[in-house]
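mind looking at a prediction? Sequence and model below.
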Amino acid sequence: MSEGSAGKVNMAFIAAIVAVATIGGFMFGYDSGVINGTQKGLESAFDLGELGIGINVGAILIGSSIGAFGAGRMADIIGRRGVMMLSAILFLVSALLAGAADSSAIFIIARIIGGLGVGAASVISPVYISEVTPANVRGRLSSVQQVMIISGLTGAFVANFVLARYAGGSTAPLWLDYPAWRWMFWLQAIPAAIYFLALLVIPESPRYLVARGQEERAHAVLTRLFGEAEATRKVAEIRASLAADHHRPKLSDLIDKTSGKIRPIVWTGIGLAVFQQFVGINVVFYYGATLWEAVGFSEDYALQTNILSGVLSIGACLATIALVDKIGRKPLLLIGSAGMAVTLATVAYAFSTAVTGADGAVSLPGNNGIIALVAANLYVIFFNLSWGPIMWVMLGEMFPNQIRGSGLAVAGFAQWIANAIVSVSFPSLVVSPGLATAYVGYAIFALISYFFVRAMVNETKGRELEDMVG
């Protein structure tokens with residue numbers, strides 16, 4: 001969709017379907033963040049140590065990696081909307097089962113099921129949004145996905161805080177004499193059901209429909225989006241982009257037929273996905289309460305700090321929406337990498353000063369507690385101004401039409417494997433070698449990501465999806 005024809009765009013309709021699609025981002029965030037604040041309950045209910053907590057928290061990531069890998073290919077078979085509807089069902093089943101789990105094994109199964117939905121939603125929602133929005137505002141609308149992810153995380157933090165405060169603690173009994181931490185999981189069944197029902201009213205991606213030979217349906221959708229004349233042009237444009245290499249998309253398309261090597265654009269996608277996790281952001285999202293309690297915060301104050309981080313994250317994402325289609329994707333990534341490297345190093349310094357009192361309580365001396373809190377929240381701001389939303393924007397738009405599903409499958413799989421490595425390892429790192437060393441490692445990856453972006457990432461601002469090459 002060119003800027004010159006932007007006057008014919010039905011922005012109200014586009015905004016409505018983007019709003020529905022990004023509920024998947026909200027569920028992605030909620031399902032990922034709900035674990036933050038439930039760990040005391042899991043530990044007491046299932047008698048877990050550090051490794052056990054890491055496995056129970058990280059179980060969702062097993063499902064997420066599988067869901068992300070399978071969703072890209074499945075979206076080429078049953079459609080983008082079909083995959084999102086399947087994700088909604090998985091979210092609902094996971095919420096009910098996790099809250100009712102009477103053993104660690106059942107809980108892990110429930111979280112893997114939820115992870116399948118998280119992984120699928122994480123890669124398909126950005127693709128769907130990219131495929132139904134005009135190029136001149138695509139980055140802005142795709143960035144809404146990250147706002148919804150953070151809104152979901154923040155919603156989970158707020159719900160956990162309110163339930164724990166009302167019950168008198170996360171392990172204290174609440175309604176029907178079930179402990180509050182179980183209700184933290186059950187509560188997410190509400191947005192999961194809303195997501196499924198809302199998906200019933202949005203159309204399938206026109207690019208998927210053309211690829212499946214359903215051009216009349218694609219034309220009808222594009223007409224509602226962009227008007228009759230533009231719809232006719234876009235159908236022809238999509239058909240031409242597929243005609244050069246028209247066959248059912250498959251993973252082998254990721255290999256360049258001339259060189260026999262994996263296409264450079266695929267390596268760029270994998271790099272973006274892995275670095276987004278190796279800077280350690282999900283340590284804050286998954287273990288925020290544990291993190292702050294480890295340096296002397298009370299459970300109540302630690303949960304409040306989570307909410308603060310969530311609100312700041314949303315604010316940073318809103319700034320990204322205002323900037324991404326003006327200054328571009330690559331400059332924001334570079335700003336984010338540099339800012340995260342500095343703030344992570346500062347957090348590492350503050351944590352390195354932690355002392356243990358005679359009563360065994362850990363604290364940060366002097367002003368270092370404030371320094372750690374400010375630096376950690378600045379880090380969250382830099383992440384959500386850049387790598388948080390921009391990685392998903394680029395994965396949704398950077399691949400050529402023919403390999404978009406397969407490219408996302410591989411990059412999404414890499415993203416969730418990297419997430420699992422960071423998240424499962426963190427509880428043990430708190431014990432040895434310690435928080436300071438862990439944060440030094442995250443700072444180093446943030447620094448490396450700066451040079452990766454400079455060398456490997458090409459700007460995609462304002463380019464049509466049919467013009468993407470790699």
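Received the coordinates, thanks.

pretty sure residue 70 contacts residue 120?
Yes. Counting by Cβ atoms under 8 Å, residue 70 does reach residue 120; the two are 7.2 Å apart. From N, CA and C alone the C-beta is placed, and that goes for glycine too.

of those two, who's got more company?
In this view residue 70 and residue 120 are compared by other Cβ atoms under 10 Å, and residue 120 has more residues nearby, 31 against 18.

what helix or strand is that one located in?
According to DSSP states H and E, residue 120 maps onto helix 104-132.

mind listing what's buried along that helix?
Neighbour counts over helix 104-132 (16 or more other Cβ atoms under 10 Å) mark 104, 107-132 as buried.

also stretch 218-235?
Residues 218-219, 221-227, 230-231, 233-235 are the ones in stretch 218-235 that count as buried (16+ other Cβ under 10 Å).

and that stretch, how far out from the chain middle?
Offset of stretch 218-235 from its chain centre (Cα atoms, centre = their mean, to the nearest Å): 31 Å.

can you give me the end-to-end distance of it?
Start and end residues of stretch 218-235 are separated by 7 Å (Cα to Cα, to the nearest Å).

contacts for that stretch?
If you take Cβ atoms under 8 Å, 6 or more residues apart in numbering as the criterion, stretch 218-235 is touched by 1, 5, 8-10, 13-14, 132, 134, 203-204, 206-207, 209-210, 215, 238.

ok, the nearest residue to residue 128 once chain neighbours are set aside - contacts?
Distances taken as Cβ to Cβ, 6 or more residues apart in numbering place residue 80 nearest to residue 128, at 4.3 Å, with adjacent residues excluded. Going by Cβ under 8 Å, 6+ apart, residue 80 touches 124, 127-128, 131, 204-205, 208.

separation between residue 80 and residue 270?
22 Å (Cβ to Cβ, to the nearest Å).

between the contacts of residue 80, which sits nearest residue 152?
Residue 152 lies nearest to residue 124 out of these, by Cβ to Cβ, at 15.8 Å.

now the helices for the stretch 301-450 of the chain?
Ranges of helices in the stretch 301-450 of the chain, per DSSP state H, counting those that start in this stretch, are 329-352, 368-385, 387-397, 404-431, 435-456.

let me have these in TSV, adding distance to residue 52, mean pLDDT and mean neighbour count as columns.
Shown next, in TSV, are these (distance: least, Cβ to Cβ, whole Å; pLDDT from 0 to 100; neighbours: other Cβ atoms under 10 Å):
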stretch	distance to residue 52	mean pLDDT	mean neighbour count
helix 329-352	24	92	22
helix 368-385	26	86	22
helix 387-397	29	86	27
helix 404-431	9	80	23
helix 435-456	19	92	19
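
so which of these comes closest to residue 265?
helix 404-431 (7.0 Å).

what is the end-to-end distance of stretch 429-440?
12 Å.

which residues does residue 186 contact?
By Cβ under 8 Å, 6+ apart, the contact set of residue 186 is 95-96, 99.

among these, name the ones in helices.
If you go by DSSP state H, the contacts of residue 186 have 95-96, 99 in helices.

buried subset of the residues you listed?
Buried members of the ones in helices among the contacts of residue 186, counted by 16+ other Cβ under 10 Å: 95, 99.

hmm, back to that, now tabulate the helices of the stretch 301-450 of the chain in a markdown table and tack on distance to residue 41.
What follows is the helices of the stretch 301-450 of the chain, written out as a markdown table (distance: least, Cβ to Cβ, whole Å):
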| stretch | distance to residue 41 |
| --- | --- |
| helix 329-352 | 26 |
| helix 368-385 | 25 |
| helix 387-397 | 28 |
| helix 404-431 | 16 |
| helix 435-456 | 23 |
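
in helices, which of the buried residues of stretch 218-235 appear?
Counting by DSSP H, the part of the buried residues of stretch 218-235 found in helices is 218-219, 221-226, 230-231, 233-235.
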